[in-house]
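Asker: pasting a predicted model and its sequence here:
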Amino acid sequence: MSTYHECWTVGDNQYGQQMNGTTKRVHRLTKIQRLDKKLKIRSITSGNKGSVYILSADNRLIVCGQNEVGELGILDTIIELIIVHRFVKSIKMTQIIPKDIIAAIRGFSMKHIPNSLAVISSPITMRQFKVKYVSNGIASNHKFIITDKGGLYGFGSNLFRQISLQRGFEGAAESAKLFSFKKMKYFKENKIRIKQIDGTVHHSIFLSDDGNVYRCGTRTRFYQNYRSFSSASSSSKHIERVEGIDSRVVGVSCGYDHTVCFDENSKLIVFGANAFGQCCVRSRSPYYGFQAEHVRDPLYIDFDGGSIQKIVCGARHTLILTVKGSVYVSGDNTLCQIGDGTKSNAFKPVLNETLKHETVTDVKCGFYHNVAQTDSNEYWLWGDNEDRQCLVFSDEDDDEDDEHELVKIPTKYECADKEIVAIYPGFYSTRIVCKHSE
């Protein structure tokens with residue numbers, strides 16, 4: 001008997017990210033029927049608004065959702081499907097390609113790519129590469145992949161040169177949308193191996209095997225004071241090492257407009273916006289003003305909670321998982337992301353009291369909600385639950401049910417009829433991967 005994975009989903013669906021062929025909201029756990037029955041899922045990542053990326057154990061990349069600026073990277077795959085659609089007349093296309101994909105193909109226009117491919121509500125499998133890694137970035141509308149042959153490719157929004165290509169610049173929106181994969185040669189040419197990639201809306205962060213941090217993108221009011229890049233510069237010069245980091249970095253994560261790293265000595269290294277305390281340091285102004293809250297250059301912060309195992313960022317909050325299994329949270333708490341039962345922001349990492357007696361082995365962030373997994377394979381969720389992404393459901397499927405819109409403290413998800421492999425929070429949504437046998 002072989003064991004495979006099935007995926008269940010709940011939450012926002014305005015961009016078709018629930019992979020069910022529609023854009024109707026899903027407020028109940030629903031099985032994704034359009035995935036391969038013999039699929040084994042390695043990971044699921046999400047992007048800004050509604051893009052979803054499923055990476056299989058056999059290195060297939062399956063994408064769905066918002067594609068307005070090319071964040072799914074499916075142009076070459078769509079062109080291949082167009083060829084099939086035009087020349088294989090004897091086959092009923094609905095048997096091999098979902099109806100909404102056929103509609104996208106029939107309405108496809110190279111002159112109006114965003115309109116043709118803006119929303120993809122059925123899963124599409126990439127045909128160009130075998131993929132072994134997909135970048136994080138819950139708030140980014142661009143992505144990077146590393147192939148099984150070591151190639152690094154970027155796609156999606158390049159408006160602020162966050163994919164390091166010259167064509168992207170402020171004010172030229174159409175020319176800055178990359179609907180197909182673009183190879184990034186800088187790291188290979190300089191013999192730099194990348195092990196982790198993350199990004200905000202406006203820039204990208206790369207962590208190398210030797211612990212150095214690189215970046216590309218623009219400097220705006222939300223970010224570290226990036227030097228302005230000359231439009232005449234070659235693409236390789238758009239990537240540079242982050243100045244001010246002089247220790248070996250072990251992990252990085254990005255929120256909507258902030259970046260948090262930690263080094264081998266478990267010191268935090270932060271930069272970016274800090275209006276909510278998402279950079280784990282006391283705000284420099286009591287007033288809400290992004291300009292006053294910047295951490296403009298990499299700032300080292302001592303962390304007194306012990307050795308750090310992992311850091312992940314939501315939109316404007318940060319989770320820290322220690323080696324001993326404790327969870328600390330800092331930043332925005334307007335939707336109960338801190339999980340302390342209040343709505344007061346935390347300007348330094350605070351221990352989550354609900355999980356204090358649990359041994360947490362992994363943490364993940366959605367945009368405004370979080371998931372913690374324990375050593376006994378229990379899952380705790382908290383934060384924004386407007387679209388039932390915290391898996392706390394009301395008796396009635398009511399969009400106006402305010403009582404269940406916030407989960408103020410970590411709440412254990414009880415599931416007796418499924419063997420859960422992992423839970424992945426996304427942008428106002430959540431996906432559960434379970435085992436099934438065939």
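Answerer: All right, it came through fine. Numbers count the residues shown, from 1 in each chain.
Asker: how about residue 194, nearest residue that isn't a chain neighbour?
Answerer: residue 206 (5.2 Å; C-beta to C-beta, 6 or more residues apart in numbering). In short, each C-beta sits where N, CA and C put it, glycine included.
Asker: who does the one you found form a beta bridge with?
Answerer: Note on residue 206: beta-bridge partners by DSSP bridges are residue 197, residue 214.
Asker: any idea how many residues pack against it?
Answerer: 27 (other C-beta atoms under 10 Å).
Asker: which stretches in the stretch 301-438 of the chain count as strands?
Answerer: Shown for the stretch 301-438 of the chain, the strands assigned by DSSP state E, counting those that start in this stretch span residues 308-313, 317-322, 327-331, 346-351, 360-365, 369-374, 379-384, 406-412, 420-425, 429-437.
Asker: of all these, which lies closest to residue 138?
Answerer: Shortest distance between residue 138 and the strands of the stretch 301-438 of the chain, using C-beta to C-beta, is found for strand 360-365: 6.2 Å.
Asker: picking that back up, what about the strands of the stretch 301-438 of the chain, which gets the closest to residue 151?
Answerer: Short answer: strand 420-425, nearest of those by C-beta to C-beta, at 25.2 Å.
Asker: got any ranges where the protein has weak pLDDT?
Answerer: 78-117, 165-176, 219-237, 283-293, 395-404 (pLDDT under 70).
Asker: hang on, the earlier thing: how about JSON lines for the strands of the stretch 301-438 of the chain, with distance to residue 244 and mean neighbour count added?
Answerer: Shown next, in JSON lines, are those (distance: least, C-beta to C-beta, whole Å; neighbours: other C-beta atoms under 10 Å):
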{"stretch": "strand 308-313", "distance to residue 244": "18", "mean neighbour count": "23"}
{"stretch": "strand 317-322", "distance to residue 244": "19", "mean neighbour count": "26"}
{"stretch": "strand 327-331", "distance to residue 244": "21", "mean neighbour count": "27"}
{"stretch": "strand 346-351", "distance to residue 244": "21", "mean neighbour count": "19"}
{"stretch": "strand 360-365", "distance to residue 244": "25", "mean neighbour count": "22"}
{"stretch": "strand 369-374", "distance to residue 244": "29", "mean neighbour count": "25"}
{"stretch": "strand 379-384", "distance to residue 244": "32", "mean neighbour count": "25"}
{"stretch": "strand 406-412", "distance to residue 244": "35", "mean neighbour count": "19"}
{"stretch": "strand 420-425", "distance to residue 244": "31", "mean neighbour count": "21"}
{"stretch": "strand 429-437", "distance to residue 244": "36", "mean neighbour count": "20"}
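Asker: kindly export stretch 119-139 (C-alpha atoms) in PDB.
Answerer: Written as PDB, here are the backbone C-alpha positions of stretch 119-139 (Å, rounded to 0.1, in the frame of the first residue of the first chain):
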ATOM      1  CA  VAL A 119      -6.400  35.000 -12.000                       C
ATOM      2  CA  ILE A 120      -5.700  31.200 -12.300                       C
ATOM      3  CA  SER A 121      -8.100  29.200 -10.200                       C
ATOM      4  CA  SER A 122      -6.900  25.700 -11.100                       C
ATOM      5  CA  PRO A 123      -3.500  24.300 -10.300                       C
ATOM      6  CA  ILE A 124      -0.900  24.400 -13.100                       C
ATOM      7  CA  THR A 125       2.300  22.300 -13.000                       C
ATOM      8  CA  MET A 126       5.400  24.000 -14.200                       C
ATOM      9  CA  ARG A 127       6.900  22.200 -17.300                       C
ATOM     10  CA  GLN A 128      10.300  24.000 -17.600                       C
ATOM     11  CA  PHE A 129      12.200  22.800 -14.600                       C
ATOM     12  CA  LYS A 130      12.500  20.400 -11.800                       C
ATOM     13  CA  VAL A 131      12.400  22.600  -8.700                       C
ATOM     14  CA  LYS A 132      14.100  21.800  -5.400                       C
ATOM     15  CA  TYR A 133      13.500  25.200  -3.500                       C
ATOM     16  CA  VAL A 134      10.900  28.000  -3.600                       C
ATOM     17  CA  SER A 135      11.600  31.300  -1.900                       C
ATOM     18  CA  ASN A 136       9.600  32.500   1.100                       C
ATOM     19  CA  GLY A 137       8.000  36.000   1.300                       C
ATOM     20  CA  ILE A 138       4.400  36.100   2.600                       C
ATOM     21  CA  ALA A 139       4.100  39.700   1.500                       C
END
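Asker: give me the buried stretch members for that stretch, please.
Answerer: Across stretch 119-139, burial judged by 16 or more other C-beta atoms under 10 Å covers 119-124, 126, 128-129, 131, 133-139.
Asker: which stretches of the chain form helices?
Answerer: Secondary structure of the chain, counting by DSSP state H: helices at 75-87, 99-106, 113-117, 186-189, 290-293.
Asker: tally of neighbours for the residue nearest to residue 353 when sequence neighbours are not counted?
Answerer: Leaving aside its sequence neighbours, residue 353 sits nearest to residue 340 (C-beta to C-beta, 6+ apart; 6.8 Å). Residue 340: 20 surrounding residues under other C-beta under 10 Å.
Asker: looking at strand pairing, list the partners for residue 177.
Answerer: Beta bridges link residue 177 to residue 157, judged by DSSP bridges.
Asker: how much space separates it from residue 15?
Answerer: 16 Å (C-beta to C-beta, to the nearest Å).
Asker: same thing with residue 359?
Answerer: 37 Å.
Asker: which one's more surrounded, these two?
Answerer: residue 15 (21 against 11).
Asker: distance of the more buried one from residue 121?
Answerer: 8 Å.
Asker: what is in contact with the two at once?
Answerer: Residues touching both residue 15 and residue 121 by C-beta atoms under 8 Å, 6 or more residues apart in numbering: 23, 65.
Asker: the residue nearest to residue 353 contacts residue 356, doesn't it?
Answerer: No. Using C-beta atoms under 8 Å, residue 340 is not in contact with residue 356; the gap is 11.4 Å.
Asker: report the contact partners of the residue nearest to residue 353.
Answerer: 329, 333, 346, 350, 352-353, 408-409.
Asker: 10 Å instead?
Answerer: Residues near residue 340 by C-beta atoms under 10 Å, 6 or more residues apart in numbering: 329, 333, 346, 350-354, 382, 408-410.
Asker: residue 214 now?
Answerer: 164, 186-187, 190, 192, 194, 197, 204-208, 239-242.
Asker: now those residues: which count as buried?
Answerer: 164, 186-187, 192, 194, 197, 204-208, 239, 242.
Asker: name the nearest of these relative to residue 314.
Answerer: So of these, ranked by how close each gets to residue 314 (C-beta to C-beta), first place is residue 205, at 16.0 Å.
Asker: pretty sure that closest one sits against residue 212.
Answerer: No. Applying C-beta atoms under 10 Å as the test, residue 205 and residue 212 come out as separate, 11.2 Å apart.
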